[in-house]
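1. Just to be clear, the model below is a prediction. Sequence and coordinates:
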Amino acid sequence: MLLNPSILALLVVSATVLLLIALASIFALRVIRHWDIHSGSELQLQLERRTYLISTLVAYCFLAELVALLLFIYNAEQMSSQFVGAMCATGVLNINAYGWPVLYLKIGLFFAGAAWLTLNRVDNQAFDYPLVRVKYALLLSLLPLVAAEFALLLAFFLNMDPDVITSCCGSLFTPEGKGVAAEISGIAPADALALLGASALLVTGAGLHHLRSGRGALLFAGSNLAALLIALIAIVSCIALYIYEHPHHHCPFCILKGGHGFMGYYLYIPLFLATALALGSGIIAPFRNRPSLAGIIPAVSRRHTLGALASLLIFYLVAGYAILRSNLSMLTVWW
């Protein structure tokens, strides 16, 4: 399995990111202990010069993690033909106990990386680098997650057994099953769409309030996280059914297949991008009153909010298009 080019790429990227983040963490300890913007010492000058290099390396690491997340899901889809019982990424993730934790960690690192990049961008625009200790302390807290992601990814690929009969989406995402996935699959489509509409109103209202008043960035970030969760629930319980044109197919991964027009990518990418932008706006909000950031954070936060709202609009339009163009009609069944 490890000789698969996609698997090798994923492991190399994960190991490289871990190495670079570990090196950056060593530098972070020096910054936290010795940084003094008012000092003209040789050590301070060295820290100031190296912080640009380290920040650039970390930025590329998080961008690589974004690509790795997409590649991981794509690779899981492609490998489904190699395991008995697997028809999509769900079956591959179920092949052992490490698949789902790796996916969750990769998603978490994507959002954490997006927040760190926003913090770093704002800090680099200020003349006195007021957030340098904050961003490097955050980087230190991310190191265990990066290490865990690499360890679980390696364990996932090393423990793949082609002789194991795995369970796929038909047994996991079904109202008759057990667990969270089954509970979500059993939600009535009308209820899911009602929740989706309510979350859209909530996040739009929070975004417009932030754009108008300059406040409420944390509320906007929180409402965006809620909108993300509700959107994922709606995809499983309702939207996917219309894409498959099948009233009992709830899988959130099969919509990534070419046979369904890669519709999943058009749904997930703007949805996750909106959440990443909103989290970026939220993480810089507590520092808006610092003098050197007073003219920077409002502009950055406004752009992030506009980008998040535009991305969410794309998601809602794609979801509406998927429902309206579908030949599936459930008006007399669940409505």
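-> Received, thanks.

2. low-scoring stretches of the protein, by residue?
-> 1-3, 170, 330-335 (pLDDT under 70).

3. For the residue nearest the centre of the chain, which non-adjacent residue is spatially closest?
-> Residue closest to the average C-alpha location in the chain (Cα atoms, centre = their mean): Ile107, at 4.0 Å. The shortest distance from Ile107 to any non-neighbouring residue, by Cβ to Cβ, 6 or more residues apart in numbering, is to Leu69 (6.8 Å). Just so you know, the C-beta spots here come from the backbone N, C-alpha and C atoms, and that holds for glycine as well.

4. give me the number of residues near the one you found?
-> Residues lying near Leu69 (other Cβ atoms under 10 Å) number 19.

5. what do you get for Leu154?
-> 17.

6. Identify the residue spatially nearest to it, adjacent ones excluded.
-> Leu11 (6.5 Å).

7. Please determine how far that neighbour is located from Leu105.
-> Distance of Leu11 to Leu105, computed by Cβ to Cβ, to the nearest Å: 15 Å.

8. now swap in His260 and tell me
-> Distance from His260 to Leu105, by Cβ to Cβ: 27 Å.

9. thinking again about what came up before, Ala151 versus the residue nearest to Leu154, what's the distance?
-> 11 Å.

10. Which of the two has more residues huddled nearby?
-> Relative neighbour count places Leu11 above the other of Leu11 and Ala151, with 18 against 15, counting by other Cβ under 10 Å.

11. So what's the gap between stretch 143-162 and the chain middle?
-> 18 Å (Cα atoms, centre = their mean, to the nearest Å).

12. which residues are contacting that stretch?
-> 1-2, 7, 10-11, 14-15, 17-18, 21-22, 25, 72, 82-84, 95-96, 98-99, 101-102, 105-106, 108-109, 112 (Cβ atoms under 8 Å, 6 or more residues apart in numbering).

13. Can you tell me the element Val17 falls in?
-> helix 5-34 (DSSP states H and E).

14. Can you point out the buried residues in the helix or strand following that helix?
-> Sequence-wise, the next helix or strand downstream of helix 5-34 (DSSP H and E) is helix 42-78. Residues of helix 42-78 classed as buried by neighbour count (16 or more other Cβ atoms under 10 Å): 47, 51, 54-55, 58, 61-62, 64-66, 68-69, 71-73, 75-77.

15. Report the contact partners of Ala274.
-> 224, 227-228, 307-309, 311-312, 315.

16. mind putting those in TSV, distance to Ile32 and secondary structure included?
-> Listed next are those as TSV, based on distance: Cβ to Cβ, whole Å; DSSP: H, G, I helix; E, B strand; the rest coil:
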residue	distance to Ile32	secondary structure
Asn224	30	helix
Ala227	35	helix
Leu228	32	helix
Gly307	31	helix
Ala308	31	helix
Leu309	36	helix
Ser311	34	helix
Leu312	36	helix
Phe315	39	helix
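
17. okay, now the domains of the protein?
-> Here the domain parsing of the chain from automatic domain parsing is 1-162, 168-335.

18. Distance-wise, check the residue nearest to Leu154 relative to Pro5.
-> Distance of Leu11 to Pro5, given as Cβ to Cβ: 11 Å.

19. repeat for Ala24
-> 28 Å.

20. of these two, who's got more company?
-> Ala24 (21 against 8).

21. Pretty sure that one sits against Ile54.
-> Yes - under the criterion of Cβ atoms under 8 Å, Ala24 makes contact with Ile54 at 5.1 Å.

22. Which among the contacts of stretch 143-162 count as buried?
-> When the contacts of stretch 143-162 are checked against 16+ other Cβ under 10 Å, the ones flagged as buried are 7, 10-11, 14, 17-18, 21, 25, 72, 83, 95-96, 98-99, 101-102, 105-106, 109, 112.

23. Name all residues that make contact with the residue nearest to Leu154.
-> 2, 150, 153-154, 157 are the contacts of Leu11 under Cβ under 8 Å, 6+ apart.

24. would CSV of those with distance to Ala294 and secondary structure be doable?
-> Shown next, in CSV, are those (distance: Cβ to Cβ, whole Å; three-state DSSP):
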residue, distance to Ala294, secondary structure
Leu2, 52, coil
Phe150, 40, helix
Leu153, 42, helix
Leu154, 46, helix
Phe157, 48, helix
